[in-house]
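Engineer: make a model of this:
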Amino acid sequence: MTFGGVIKSYGVGIRRRWMTGLTQALSAAGAIWLVTEISTKVSDTAEHWIKDHGNYYSAFVLAVSAIWFLWHVYEVRSVAFNLPTTDTRIEIRYGDLFEESTDWLIGVGEFFDSDVGHVVSQNSLHGKLISATYGGDTMLFRALVDNALTGVKGTRTQRPITPKTKYDIGTTAVLARSPHKVFLVAMSHTDPETSKASSDVPTLWNALRGALTSVRNHGNGAPLSLPLIGNGQSSVNIAPQHLLRLIVLALVDYGRRTGLPREVNIIVPEDCFEALDIREIRRDWRKR
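Structural biologist: Purely as a prediction, here's the structure:
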């Protein structure tokens, strides 16, 4: 954690939780005062010490209160909780999905496109996957996807560019990434003329269910990492906080019904830091 990151965490945390922090600071001061009152009532030595060292005592109270305030307002960069009634642990943290030494779950369009720069944005996770993991070799990526989708029913379209076959939302292609896997799930519709992607909440929900089924069938229980899926080029047009709640709810719903890997990580981008309150998500599910 850099010094700039610490300052940013305090800046966001103070804006969000200054009232809670102040309440906690006053509670700490009140607790010290209560102990002091009891001590001075039962001990003359304690009473004389407080009178003789009033400045030190006041400084101590202020220091404890300030520390307690800072502790409660600090905006954390990761949280974790156990998924109720299961042995799955979910962690939410800021970072780079491609630095995770786990299986990855990434959302793509219903055509599983491979043309980076034209159809697939080079700034999307889909585009970065092709560029970083497969060396920008679109032909290799296309071959791996086609092989993974062998035997999967698709719908042939009159799309003017290739590929022309689209797949149902939730269809998942499992690609090898030794020693891990990449689960590519169709989570958005693609306009056949403009290639513009679009999605919504029901579509995302169905996509996650399809993807998690594939993870269960082919992941062998290996740790899984996924991004804030639906927040990129095919945005479902809801606030990041609500989107994160939706993803967690989908994980909880599927995990309780069918089961998930013991370790599931949601890796959120740094540019969502001021828009997300991950402590709230942890608080909600720790109560259950």
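Engineer: okay, CA-based contacts and neighbour counts for the rest of this
Structural biologist: Noted.
Engineer: for the helix or strand containing Leu70, buried residues please.
Structural biologist: Assigned by DSSP states H and E, Leu70 belongs to helix 54-73. Of all the residues in helix 54-73, those buried under the rule 16 or more other C-alpha atoms under 10 Å are 61-62, 65-66, 68-70, 72-73.
Engineer: need the residues you listed in a markdown table with distance to Thr102, can you?
Structural biologist: Compiled in a markdown table, these are given as follows (distance: C-alpha to C-alpha, whole Å):
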| residue | distance to Thr102 |
| --- | --- |
| Val61 | 46 |
| Leu62 | 45 |
| Ser65 | 41 |
| Ala66 | 40 |
| Trp68 | 36 |
| Phe69 | 37 |
| Leu70 | 34 |
| His72 | 32 |
| Val73 | 32 |
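Engineer: how about the strands in this protein?
Structural biologist: Using DSSP state E, the strands of the chain run over residues 78-82, 89-94, 103-109, 155-156, 165-166, 172-177, 180-190, 197-198, 224-227, 263-268.
Engineer: out of those strands, nearest to Asn237?
Structural biologist: Asn237 lies closest to strand 197-198 among the strands of the chain, at 9.4 Å (C-alpha to C-alpha).
Engineer: which one of the strands of the chain has the lowest average pLDDT?
Structural biologist: Ranked by mean pLDDT, the strands of the chain bottom out at strand 197-198, with a mean of 90.
Engineer: which elements pack onto that strand?
Structural biologist: Applying 3 or more C-alpha pairs under 8 Å, 6 or more residues apart in numbering; DSSP states H and E, we find strand 197-198 packed against strand 180-190.
Engineer: what's the strand it packs on packed up against?
Structural biologist: strand 103-109, strand 172-177, strand 197-198, helix 201-218.
Engineer: contacts for that strand?
Structural biologist: With contact meaning C-alpha atoms under 8 Å, 6 or more residues apart in numbering, strand 180-190 is reached by 101-112, 167-176, 196-199, 203-204, 206-208, 210-211, 214-215, 219, 230, 234.
Engineer: what's the first-to-last distance across stretch 257-265?
Structural biologist: Start-to-end span of stretch 257-265 (C-alpha to C-alpha, to the nearest Å) is 19 Å.
Engineer: who's in contact with that stretch?
Structural biologist: With C-alpha under 8 Å, 6+ apart, stretch 257-265 has contacts from 86-93, 212, 215-216, 221-226, 251, 254.
Engineer: cool, and stretch 216-226?
Structural biologist: 97, 100, 102-106, 174, 181, 259-267.
Engineer: same thing but 10 Å
Structural biologist: Residues outside stretch 216-226 that contact it (C-alpha atoms under 10 Å, 6 or more residues apart in numbering): 88, 90-92, 97-98, 100-107, 174, 180-183, 211-213, 215, 247, 255, 258-268.
Engineer: buried members of those residues into ChimeraX, please.
Structural biologist: Only the buried entries of these go into this ChimeraX selection, using 16+ other C-alpha under 10 Å:
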select :88,90,91,92,97,98,102,103,104,105,106,107,174,181,182,183,211,212,213,215,247,255,259,260,261,262,263,264,265,266,267,268
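Engineer: mind listing what the nearest residue to Ala46 once chain neighbours are set aside touches?
Structural biologist: Among residues not flanking Ala46 along the chain, Thr40 sits closest, at 5.3 Å (C-alpha to C-alpha, 6 or more residues apart in numbering). Thr40 makes contacts with 46-50, as judged by C-alpha under 10 Å, 6+ apart.
Engineer: between these, which is nearest Tyr10?
Structural biologist: Using C-alpha to C-alpha, the contacts of Thr40 come closest to Tyr10 at Ile50, 33.5 Å.
Engineer: ok, the closest one to Tyr56 distance?
Structural biologist: 9 Å.
Engineer: could you do Leu226 as well?
Structural biologist: 51 Å.
Engineer: Ile266 too?
Structural biologist: Taking C-alpha to C-alpha, one finds Ile266 at 46 Å from Tyr56.
Engineer: got it, and Gln158?
Structural biologist: Taken as C-alpha to C-alpha, the span from Gln158 to Tyr56 is 81 Å.
Engineer: ditto for Ala80
Structural biologist: For Ala80, the distance to Tyr56 - C-alpha to C-alpha - is 39 Å.
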